[in-house]
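Engineer: quick one, what's the 3D model for this:
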Amino acid sequence: MKYFYLEPEVAGSYGEDTVLDTSVRPERVERSHYEFAGWLGDDLLEFFPVFILTERLKDRLQILGATGYEIDKVKVTKSELYREMEPEAPPLPKFHWLKVTVWLAWTILVLPGTADLLYLSACWPFSGR
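Structural biologist: Below is the predicted model of the structure:
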């Protein structure tokens, strides 16, 4: 069995349209807006407690039959600084919100038909949504 430990790139932070429930810990994100400060091109990104992924990675996980997550909408924008520093940067690809549904000391996405498990860092013991 192969194990993969992933530390997603942090390419930005909450955008102004993010809606947070701060009455619980960790904070619960009700609506996600990811504002890019830059981007190295990774398909999996994070900003605690949100993971986002490209359409390409979403499609691949679905083809593999991975479990332990749901896909939802995320608004993505480039910060003013990003636009100023990288005026020739191509448009961002389509991103989705990766909502992990099974939380452990670390999170495991199971890839059926293989002996592979993906471990995501920046996870915490958590129940509920």
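Engineer: list phi and psi for Glu55.
Structural biologist: With angles defined as degrees, to the nearest 10, Glu55 sits at phi -60, psi -40.
Engineer: ok now do it, which residues does it touch?
Structural biologist: Pro93, Lys94, Phe95, His96 (CB atoms under 8 Å, 6 or more residues apart in numbering). (C-beta placed from N, C-alpha, C; glycine too.)
Engineer: just the helices in this protein please.
Structural biologist: 55-64, 80-85 (DSSP state H).
Engineer: off-centre distance for the first one?
Structural biologist: Yep, that's helix 55-64 we're talking about. Counting by CA atoms, centre = their mean, to the nearest Å, helix 55-64 is centred 13 Å from the centre of its parent chain.
Engineer: circling back to that earlier point, of the contacts of Glu55, closest to Ser79?
Structural biologist: Proximity of these to Ser79 (CB to CB) peaks at Phe95, which lies at 15.1 Å.
Engineer: for the closest one, give me its contacts.
Structural biologist: Tyr34, Leu45, Ile52, Leu53, Thr54, Glu55, Val74, Val76.
Engineer: same question, Glu46
Structural biologist: Pro8, Glu9, Val10, Ile52, Ala122.
Engineer: would you confirm that Leu20 contacts Glu27?
Structural biologist: Yes. Counting by CB atoms under 8 Å, Leu20 touches Glu27, with 5.0 Å between them.
Engineer: generate a PyMOL selection restricted to the buried subset of the contacts of Glu55.
Structural biologist: Restricted to buried positions by 16 or more other CB atoms under 10 Å, the PyMOL selection for the contacts of Glu55 reads:
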select buried, resi 95+96
